[in-house]
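**Q** 3D model of this:
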Amino acid sequence: MKKTLAFLTMAAMAPACAFGTYMMAPAMDEPVADPDSTGFVFTDVRVLPTTPVKDQNKSGTCWAFSGISHMEEDVLRQGGPELDLSEMFVVRNCYIDKAKKYVRTGGKINFAQGGGFADVLHSLREYGAMPESAYSGLNYGEDKHSHYEMANALEAYLNQIIKNPNKRLSTAWLRGFEGILDAYLGEVPETFVYEGKTYTPKEFAKAMKLDADNFTSVTSYTHHPFYTYFPLEIADNWLWASSYNLPMEEMKQMVDNALEKGYTVAWAADVSEPTFKWREGVAVLPAERTEADMDGTELSRWVTLSDADREKEKNKVTGPVKERTITQEDRQRTFDNWETTDDHGMVIVGTATDQEGNRYYKVKNSWDTNQIYGGYLYVSEPYFLEKTLAVLVNNDVLPKKK
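**A** Numbering: from 1, shown residues only. As a prediction, this is how the structure comes out:
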């Protein structure tokens with residue numbers, strides 16, 4: 001997985017997160033930027049109803065936060081209540097099932113904090129859902145999620161199990177693994193009370209009209225035939241879950257159609273680009289700067305800069321810029337050579353324009369609200385086209401199969 005120095009600095013050396021890998025929320029020690037200082041003036045065109053922005057903090061669970069947010073917003077779309085669902089119920093369930101596969105394969109799959117939208121659907125389908133009030137996952141003396149210690153303990157434990165010193169696995173290893181999860185996240189209640197009624201997790205999911213079979217993952221790559229399903233080859237797709245493969249422009253048209261019809265879209269994307277500016281609330285893909293683009297005065301200054309300073313200059317974003325024209329070949333090339341990597345999961349909740357009429361997607365993140373737009377950012381269409389790994393959509397907006 002690609003890690004640029006600029007992004008690692010921004011994310012306080014945190015690992016990444018999304019459809020496969022995992023991104024922890026960056027430290028926000030700097031003052032929140034003034035919108036007037038960014039050079040961008042955004043006008044929201046369409047913004048769908050959403051549940052409040054949450055904070056994954058020091059946990060590599062953006063896939064759970066974004067996937068759960070997408071489920072919450074689908075309930076709102078159906079006229080249901082504003083839910084606050086438990087992400088850690090999902091995380092715990094997936095850790096257990098991932099551990100079973102990790103042991104069965106002798107440690108030959110990736111075991112990490114990362115996951116994907118398919119994991120959220122898997123947990124919902126197999127185990128149901130819980131409100132945050134029934135299972136917060138904070139059982140270890142912290143007010144916010146901080147999974148470094150737990151994640152290290154879980155992986156270390158499994159690595160000892162797969163050494164198999166007794167030449168056969170004991171009947172206790174899974175209970176031992178679950179014991180670590182109990183210590184950190186807490187034991188899962190068999191039933192809980194929500195607004196005066198007692199539910200099991202599966203009863204709650206059914207009552208809230210949460211149905212995993214209503215959603216499909218969609219991607220766009222040419223190394224598999226279009227209009228077929230295939231498991232996207234990323235390390236944390238431990239379920240080997242399949243995505244439906246559409247041409248790039250059809251994928252974008254589907255997303256636009258979903259937003260127009262009132263459906264949010266879960267978005268797995270590469271956010272390691274230096275022009276993914278979280279504090280400034282914008283992500284763009286500027287056209288490459290060349291010496292031929294500069295007048296004489298600019299060129300004379302440019303040629304005196306060091307390579308590092310030139311890179312900084314190219315990555316400056318001080319307002320709307322000319323961006324790359326993205327092709328299907330660009331998507332494939334950047335995926336194949338690891339320029340586009342699976343970093344983070346968020347939710348597309350609307351559209352907007354800048355002061356020059358350029359179109360953007362409004363995106364809800366899970367890195368708290370102490371940011372320029374209160375936890376949201378604006379992603380340009382070129383950025384979306386090249387840096388999208390996959391999207392999760394309601395089946396209602398899927399194009400007819402060809």
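**Q** Just the CA coordinates for stretch 218-238, please, in CSV.
**A** What follows is stretch 218-238 as a C-alpha-only set of coordinates in CSV (Å, rounded to 0.1, in the frame of the first residue of the first chain):
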residue,chain,number,x,y,z
VAL,A,218,-19.5,-1.6,-7.5
THR,A,219,-16.0,-1.0,-9.0
SER,A,220,-14.5,-0.2,-12.4
TYR,A,221,-11.3,-1.9,-13.7
THR,A,222,-10.4,-3.5,-17.0
HIS,A,223,-8.4,-6.5,-15.7
HIS,A,224,-11.8,-8.2,-15.4
PRO,A,225,-14.7,-8.1,-17.9
PHE,A,226,-17.3,-5.3,-17.4
TYR,A,227,-20.8,-6.3,-16.3
THR,A,228,-19.4,-9.2,-14.2
TYR,A,229,-18.6,-9.7,-10.6
PHE,A,230,-15.1,-10.2,-9.2
PRO,A,231,-13.3,-10.0,-5.8
LEU,A,232,-11.2,-6.8,-5.8
GLU,A,233,-7.6,-7.8,-5.2
ILE,A,234,-6.8,-5.8,-2.1
ALA,A,235,-5.2,-7.2,1.0
ASP,A,236,-8.0,-6.7,3.5
ASN,A,237,-10.7,-8.2,1.3
TRP,A,238,-10.5,-11.2,3.6
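**Q** show me what contacts the residue nearest to Thr264 when sequence neighbours are not counted?
**A** Spatial nearest neighbour of Thr264, excluding adjacent residues (Cβ to Cβ, 6 or more residues apart in numbering): Glu73 at 4.4 Å. Using the backbone N, CA and C atoms, a C-beta is placed for each residue, glycine as well. Residues near Glu73 by Cβ atoms under 8 Å, 6 or more residues apart in numbering: 48-51, 264, 347, 349.
**Q** Any chance of TSV for these, columns secondary structure?
**A** Formatted as TSV, those follow (DSSP: H, G, I helix; E, B strand; the rest coil):
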residue	secondary structure
Leu48	coil
Pro49	coil
Thr50	coil
Thr51	coil
Thr264	coil
Val347	strand
Val349	strand
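**Q** My guess is Ile234 contacts Asp342. True?
**A** Yes: judged on Cβ atoms under 8 Å, Ile234 makes contact with Asp342 at a distance of 4.6 Å.
**Q** Compare those two and say which is more crowded by neighbours.
**A** The neighbour comparison of Ile234 against Asp342 (other Cβ atoms under 10 Å) goes to Asp342, with 29 against 21.
**Q** so the more buried one sits in a strand?
**A** No: the assignment for Asp342 by three-state DSSP gives coil, which leaves it out of any strand.
**Q** All the helices of the stretch 151-300 of the chain, in order from the start?
**A** 173-185, 201-207, 248-260, 296-302 (DSSP state H, counting those that start in this stretch).
**Q** and of those, who's closest to Trp338?
**A** Comparing the helices of the stretch 151-300 of the chain by their distance to Trp338 (Cβ to Cβ), the top pick is helix 248-260, with 18.9 Å.
**Q** now for the closest one, which elements pack on it?
**A** If you count contacts as 3 or more Cβ pairs under 8 Å, 6 or more residues apart in numbering; DSSP states H and E, helix 248-260 packs onto strand 215-219, strand 265-269, strand 344-353, helix 381-387, strand 388-394.
**Q** circling back: of the helices of the stretch 151-300 of the chain, which shows the lowest average pLDDT?
**A** Among these, helix 296-302 carries the lowest mean pLDDT, a mean of 51.
**Q** Tell me how far the residue nearest to Thr264 lies from Tyr199.
**A** 21 Å (Cβ to Cβ, to the nearest Å).
**Q** Check the separation of the first and last residues in stretch 385-400.
**A** 21 Å (Cα to Cα, to the nearest Å).
**Q** Quick one: distance of the longest helix along the chain to the chain centre.
**A** In the chain, with assignment by DSSP state H, the single longest helix is helix 87-104. Computed by Cα atoms, centre = their mean, to the nearest Å, the chain-centroid distance of helix 87-104 equals 18 Å.
**Q** pLDDT (mean, whole number) over that helix?
**A** 98.
**Q** Following the chain past it, name the next helix or strand.
**A** Later in the chain than helix 87-104, the nearest helix or strand by DSSP states H and E is helix 117-127.
**Q** May I see the buried residues of that following helix?
**A** By neighbour count on 16 or more other Cβ atoms under 10 Å, the buried set for helix 117-127 is 117-124, 127.
**Q** Could you export these as CSV, including pLDDT?
**A** Formatted as CSV, the buried residues of helix 117-127 follow (pLDDT from 0 to 100):
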residue, pLDDT
Phe117, 98
Ala118, 98
Asp119, 98
Val120, 98
Leu121, 98
His122, 98
Ser123, 98
Leu124, 98
Tyr127, 98
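**Q** of all these, which two lie farthest apart?
**A** Phe117 and Tyr127 (16.0 Å).
**Q** any weak-confidence spans in this structure?
**A** In the predicted model of the chain, residues 1-36, 289-305, 307-315, 402 satisfy pLDDT under 70.
**Q** Which strand residues bridge Thr216?
**A** Val393 (DSSP bridges).
**Q** Distance of it relative to Ala129?
**A** Distance from Thr216 to Ala129, by Cβ to Cβ: 19 Å.
**Q** Looking at the two, which is more packed in?
**A** Each of Thr216 and Ala129 has its neighbours counted (other Cβ under 10 Å); Ala129 has more, 27 against 18.
**Q** Can you add distance to Ala112 and give the helices of the stretch 151-300 of the chain back as JSON lines?
**A** Below are the helices of the stretch 151-300 of the chain laid out as JSON lines (distance: least, Cβ to Cβ, whole Å):
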{"stretch": "helix 173-185", "distance to Ala112": "15"}
{"stretch": "helix 201-207", "distance to Ala112": "25"}
{"stretch": "helix 248-260", "distance to Ala112": "27"}
{"stretch": "helix 296-302", "distance to Ala112": "42"}
